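# Model the following, please.
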Amino acid sequence: MSLWYDGGATITQDEKTDSICEDGVLIEIKKLGGNSRRIRSKIGIEASLDTVWNILTDYEKLADLIPGLAVSKVVEKKDKFARLFQIGQQKLPLGLKFNAKGVIDCYEKDVEILPNGRKREIKFKMVEGDFTNFEGTWSIEEVNKRKREEDGEEWETTLSYLVDVKPKMWLPVGLVEGRLSKEIKTNLSCIREEANRC
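Numbering: from 1, shown residues only. Just a heads-up that it's a prediction; the model follows:
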(Lines give C-alpha, C1' and ligand atoms only; values in the text may rest on other atoms or scores of the structure.)
Protein backbone atom coordinates (compact mmCIF):
# COMPACT_ATOMS: atom_id res chain seq x y z
CA MET A 1 0.00 0.00 0.00
CA SER A 2 1.35 3.47 -0.87
CA LEU A 3 0.19 6.74 0.65
CA TRP A 4 1.12 10.34 -0.20
CA TYR A 5 1.34 13.26 2.16
CA ASP A 6 2.46 16.90 1.90
CA GLY A 7 5.95 17.29 0.47
CA GLY A 8 5.48 14.53 -2.09
CA ALA A 9 6.82 11.81 0.16
CA THR A 10 5.85 8.23 -0.46
CA ILE A 11 4.93 5.98 2.44
CA THR A 12 4.74 2.24 1.83
CA GLN A 13 3.45 -0.11 4.51
CA ASP A 14 3.09 -3.84 4.99
CA GLU A 15 2.62 -5.91 8.12
CA LYS A 16 6.16 -5.49 9.43
CA THR A 17 7.83 -2.75 7.36
CA ASP A 18 7.16 0.95 6.76
CA SER A 19 9.11 2.84 4.05
CA ILE A 20 9.34 6.59 3.55
CA CYS A 21 11.13 8.42 0.73
CA GLU A 22 11.46 12.17 1.13
CA ASP A 23 14.03 14.76 -0.03
CA GLY A 24 16.12 12.01 -1.62
CA VAL A 25 16.36 10.03 1.63
CA LEU A 26 14.82 6.55 1.76
CA ILE A 27 13.97 5.26 5.23
CA GLU A 28 12.63 1.79 5.95
CA ILE A 29 11.52 0.72 9.42
CA LYS A 30 11.09 -2.97 10.13
CA LYS A 31 9.52 -4.35 13.28
CA LEU A 32 11.78 -7.10 14.61
CA GLY A 33 9.49 -8.11 17.42
CA GLY A 34 9.02 -6.91 20.93
CA ASN A 35 10.60 -3.56 21.54
CA SER A 36 13.12 -3.81 18.63
CA ARG A 37 13.32 -2.09 15.25
CA ARG A 38 15.65 -2.18 12.24
CA ILE A 39 15.99 1.13 10.45
CA ARG A 40 17.58 1.24 6.99
CA SER A 41 18.21 4.45 5.13
CA LYS A 42 20.13 5.69 2.11
CA ILE A 43 20.87 8.85 0.19
CA GLY A 44 22.64 9.67 -3.06
CA ILE A 45 25.58 12.07 -2.76
CA GLU A 46 27.44 13.89 -5.54
CA ALA A 47 30.86 13.38 -3.98
CA SER A 48 33.52 10.69 -3.92
CA LEU A 49 33.64 7.77 -1.50
CA ASP A 50 36.80 9.29 0.01
CA THR A 51 35.08 12.62 0.67
CA VAL A 52 32.14 10.96 2.45
CA TRP A 53 34.49 8.62 4.37
CA ASN A 54 36.56 11.55 5.62
CA ILE A 55 33.42 13.31 6.89
CA LEU A 56 32.15 10.20 8.71
CA THR A 57 35.51 9.37 10.31
CA ASP A 58 36.20 12.90 11.53
CA TYR A 59 34.35 11.78 14.63
CA GLU A 60 34.88 14.82 16.83
CA LYS A 61 33.55 17.20 14.16
CA LEU A 62 30.32 15.23 13.73
CA ALA A 63 28.68 17.20 16.57
CA ASP A 64 29.32 20.41 14.59
CA LEU A 65 27.74 18.90 11.49
CA ILE A 66 24.75 16.95 12.83
CA PRO A 67 22.14 19.03 14.70
CA GLY A 68 20.86 16.23 17.01
CA LEU A 69 24.36 15.23 18.12
CA ALA A 70 25.35 17.39 21.10
CA VAL A 71 28.64 15.60 21.88
CA SER A 72 30.96 13.33 19.89
CA LYS A 73 34.29 12.63 21.57
CA VAL A 74 36.95 10.06 20.69
CA VAL A 75 37.70 8.06 23.85
CA GLU A 76 40.14 5.65 22.17
CA LYS A 77 41.60 5.44 18.65
CA LYS A 78 43.61 2.63 17.08
CA ASP A 79 44.14 1.48 13.52
CA LYS A 80 40.65 0.94 12.00
CA PHE A 81 38.97 1.30 15.42
CA ALA A 82 37.48 4.20 17.37
CA ARG A 83 35.59 4.24 20.65
CA LEU A 84 33.30 7.25 20.89
CA PHE A 85 31.28 8.89 23.62
CA GLN A 86 28.22 10.52 22.09
CA ILE A 87 25.19 12.36 23.38
CA GLY A 88 22.20 12.78 21.14
CA GLN A 89 19.73 15.49 22.05
CA GLN A 90 16.20 16.11 20.80
CA LYS A 91 13.83 18.93 21.66
CA LEU A 92 10.39 17.76 22.78
CA PRO A 93 7.15 19.72 23.16
CA LEU A 94 6.75 22.05 26.16
CA GLY A 95 10.46 22.93 26.14
CA LEU A 96 11.58 19.48 27.26
CA LYS A 97 14.73 17.79 25.95
CA PHE A 98 15.46 14.11 25.43
CA ASN A 99 19.09 13.00 25.79
CA ALA A 100 20.53 9.62 24.81
CA LYS A 101 24.10 8.84 25.84
CA GLY A 102 26.33 6.02 24.74
CA VAL A 103 29.80 4.63 24.27
CA ILE A 104 30.03 3.35 20.71
CA ASP A 105 32.72 1.12 19.20
CA CYS A 106 33.37 1.79 15.50
CA TYR A 107 35.21 -0.67 13.27
CA GLU A 108 36.48 0.86 10.01
CA LYS A 109 36.61 -1.68 7.18
CA ASP A 110 39.08 -1.60 4.27
CA VAL A 111 37.99 -0.51 0.83
CA GLU A 112 36.26 -3.32 -1.05
CA ILE A 113 36.73 -3.28 -4.83
CA LEU A 114 33.50 -4.00 -6.71
CA PRO A 115 33.13 -4.90 -10.42
CA ASN A 116 31.98 -1.35 -11.18
CA GLY A 117 33.21 0.67 -8.20
CA ARG A 118 34.24 0.64 -4.53
CA LYS A 119 32.63 0.19 -1.13
CA ARG A 120 33.67 0.97 2.43
CA GLU A 121 31.93 0.41 5.75
CA ILE A 122 31.98 1.37 9.41
CA LYS A 123 30.41 -1.21 11.72
CA PHE A 124 29.29 0.23 15.06
CA LYS A 125 27.89 -1.05 18.34
CA MET A 126 26.88 0.72 21.52
CA VAL A 127 28.75 -1.02 24.33
CA GLU A 128 27.36 1.15 27.12
CA GLY A 129 24.43 3.52 27.15
CA ASP A 130 20.73 4.21 27.05
CA PHE A 131 19.78 1.37 24.69
CA THR A 132 19.68 -2.39 25.24
CA ASN A 133 20.81 -2.76 21.61
CA PHE A 134 22.11 -0.13 19.20
CA GLU A 135 24.30 -1.49 16.43
CA GLY A 136 24.62 -1.26 12.70
CA THR A 137 26.61 -0.15 9.68
CA TRP A 138 27.48 2.99 7.74
CA SER A 139 28.13 1.94 4.14
CA ILE A 140 29.48 4.10 1.31
CA GLU A 141 29.29 2.70 -2.21
CA GLU A 142 30.72 4.47 -5.24
CA VAL A 143 29.87 3.12 -8.71
CA ASN A 144 30.75 4.24 -12.22
CA LYS A 145 27.50 5.26 -13.94
CA ARG A 146 29.03 5.12 -17.43
CA LYS A 147 29.08 1.79 -19.24
CA ARG A 148 31.61 2.56 -21.99
CA GLU A 149 35.21 3.73 -21.63
CA GLU A 150 34.81 6.42 -24.28
CA ASP A 151 32.11 8.08 -22.16
CA GLY A 152 34.64 8.83 -19.42
CA GLU A 153 34.01 8.27 -15.73
CA GLU A 154 31.04 9.60 -13.83
CA TRP A 155 30.69 8.36 -10.28
CA GLU A 156 27.60 7.99 -8.16
CA THR A 157 27.95 7.58 -4.42
CA THR A 158 25.32 6.17 -2.08
CA LEU A 159 25.53 6.50 1.68
CA SER A 160 23.54 3.86 3.58
CA TYR A 161 22.84 3.58 7.28
CA LEU A 162 21.46 0.50 9.01
CA VAL A 163 20.73 0.31 12.72
CA ASP A 164 19.09 -2.31 14.92
CA VAL A 165 17.72 -0.55 17.97
CA LYS A 166 16.12 -1.73 21.17
CA PRO A 167 15.54 0.92 23.83
CA LYS A 168 15.61 0.18 27.53
CA MET A 169 12.29 -1.10 28.86
CA TRP A 170 11.14 2.25 30.25
CA LEU A 171 11.26 3.91 26.81
CA PRO A 172 8.49 3.06 24.29
CA VAL A 173 9.97 1.94 20.95
CA GLY A 174 7.27 3.89 19.05
CA LEU A 175 8.65 7.17 20.43
CA VAL A 176 12.23 6.18 19.63
CA GLU A 177 11.31 4.92 16.14
CA GLY A 178 9.73 8.21 15.10
CA ARG A 179 12.49 10.35 16.58
CA LEU A 180 15.26 8.21 15.12
CA SER A 181 13.68 8.26 11.65
CA LYS A 182 13.55 12.07 11.64
CA GLU A 183 17.07 12.29 13.06
CA ILE A 184 18.49 9.85 10.49
CA LYS A 185 16.91 11.81 7.62
CA THR A 186 18.45 15.02 8.98
CA ASN A 187 21.83 13.35 9.56
CA LEU A 188 22.05 11.97 6.03
CA SER A 189 20.97 15.29 4.53
CA CYS A 190 23.62 17.16 6.57
CA ILE A 191 26.33 14.73 5.46
CA ARG A 192 25.22 15.17 1.83
CA GLU A 193 25.36 18.97 2.17
CA GLU A 194 28.84 18.84 3.74
CA ALA A 195 30.13 16.45 1.06
CA ASN A 196 28.76 18.70 -1.70
CA ARG A 197 30.67 21.65 -0.15
CA CYS A 198 33.98 19.76 -0.18
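# which SSE is the closest residue to residue 70 other than its chain neighbours in?
Closest residue in space to residue 70, ignoring its immediate chain neighbours: residue 89 at 4.2 Å, by Cβ to Cβ, 6 or more residues apart in numbering. Every C-beta, even on glycine, is put in place using the N, C-alpha and C of the backbone. Using DSSP states H and E, residue 89 falls within strand 81-91.
# what kind of secondary structure is the most centrally placed residue in the chain in?
Centroid-nearest residue in the chain, with Cα atoms, centre = their mean: residue 161, separated by 3.7 Å. Remark: residue 161 carries the secondary structure label strand [criterion: DSSP: H, G, I helix; E, B strand; the rest coil].
# Beta-bridge partners for it, please?
Each beta-bridge partner of residue 161 is listed here, defined by DSSP bridges: residue 41, residue 138.
# Hmm, it is touching residue 124, no?
No: between residue 161 and residue 124 there is no contact under Cβ atoms under 8 Å: 9.9 Å.
# who touches both of the two?
Any residue near both residue 161 and residue 124 by Cβ atoms under 8 Å, 6 or more residues apart in numbering counts here, and that gives 136, 137, 138.
# Please identify which of these is nearest to residue 23.
For residue 23, the closest of the shared contacts of residue 161 and residue 124 turns out to be residue 138, at 19.2 Å, with distances computed as Cβ to Cβ.
# Next up, the contacts around the closest one.
Residue 138 touches 56, 121, 122, 124, 159, 160, 161, counting by Cβ under 8 Å, 6+ apart.
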